[in-house]
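In: Sequence unavailable; structure follows:
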């Protein structure tokens, strides 16, 4: 199973306030989704929505003005000319960042899904007394897409490709062909089943999630944890359709722990630190390589250099011990592409 080859195309970027305002309107949002599926005329769109073509025309023209819809062809009929419109992309992702006016330069945006990286950025902010750093919590694949689109400077990543038996590198090579990318190890991070204190259901493996009466909580598509989980249950012959809670999704590791803590799930996969923070039990399953990914040219930015210097400092090494579930033996190890 080559996960990398099956990656979906990156969505188009919505980074303009006018575009965001346009799609925020419910009618325009519906029209855009319809035109992402196939080209259509104003008459066809109006018929599907049960309204008048004149009303649809106003909204389609607005989407066209902001570059989300385009006219693709015209067809003559006996009485008129039908215009066919379609969306300018098959999918969109909206990323709008508002930064304080006092920040003179664009901030170093770090997209990640890891407590240690959040602690790292906070440490740099504190030491440098700088507002030049911003963090966004997102799954690893979405983080790499944001990096490719220029929305982020650094992306945290823990994506496993079972065909290559390798973390991160196959994905970075696939998404950044021909570009020189740097990958710096944060730590080897322990992941496993987050369970109730004392592990009352005696869960010890992924196969146990298929047992009757066991409810799981999953992670979102595109996250490194979900990518590993889907490939691993397929390798083990576990039918995802038979897992109670497979479609129940938590957007964060803390969300997984919260679901178990509140009793809406019996187990979910997350780092040890998420279980420890919530006072829950933990069943170790695997150790993954968590890395920071960036364009090689970004290494020249003194703010990025400060981030990496802090990562490898003795003070931050002690922070790993406080967080739990991290092995910093390879911290700062570098590899690259291109």
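Out: That came through fine. What you see is a predicted model, and the numbers here were worked out from it, not measured in a lab.
In: Helix, strand, or coil at residue 228?
Out: Recorded secondary structure, residue 228: helix (DSSP: H, G, I helix; E, B strand; the rest coil).
In: Is it correct that it is in contact with residue 285?
Out: No: at 9.1 Å, residue 228 and residue 285 do not qualify as touching, with contact defined as CB atoms under 8 Å. In this view, the C-beta of every residue, glycine as well, is placed from N, C-alpha and C.
In: shared neighbours, those two?
Out: By CB atoms under 8 Å, 6 or more residues apart in numbering, residue 228 and residue 285 have these common neighbours: 191, 269.
In: Tell me which of these two has more neighbours.
Out: More crowded of residue 228 and residue 285, by other CB atoms under 10 Å: residue 228, with 22 against 17.
In: so what's the more buried one closest to, chain neighbours aside?
Out: Among residues not flanking residue 228 along the chain, residue 160 sits closest, at 4.8 Å (CB to CB, 6 or more residues apart in numbering).
In: what's the spacing between the one you found and residue 180?
Out: Distance, residue 160 to residue 180, by CB to CB, to the nearest Å: 23 Å.
In: So between these two, which is more surrounded?
Out: residue 160 (23 against 12).
In: Check what contacts the helix or strand harbouring residue 83 and list those residues.
Out: Assessed by DSSP states H and E, residue 83 sits inside strand 81-87. Residues from elsewhere that reach strand 81-87, judged by CB under 8 Å, 6+ apart: 32, 35-36, 38-43, 60, 64, 68-76.
In: List of residues touching the helix or strand containing residue 318?
Out: For residue 318, the enclosing helix or strand under DSSP H and E is helix 314-323. Defining contact as CB under 8 Å, 6+ apart, one finds that helix 314-323 is touched by 115, 116, 119, 120, 123, 187, 273, 310, 326, 328, 331.
In: Who are the contact partners of the fourth one?
Out: Residues in contact with residue 120, defined by CB under 8 Å, 6+ apart, are 186, 307, 310, 311, 316.
In: let's see it at 7 Å
Out: 307, 310, 311, 316 (CB atoms under 7 Å, 6 or more residues apart in numbering).
In: quick check, nearest of those residues to residue 243?
Out: Checking the contacts of residue 120 against residue 243 by CB to CB gives residue 311 as the nearest, at 36.6 Å.
In: Tell me how far residue 145 lies from residue 157.
Out: 11 Å.
In: Which of these two has more residues huddled nearby?
Out: A count of neighbours by other CB under 10 Å puts residue 157 above the other of residue 145 and residue 157, at 28 against 25.
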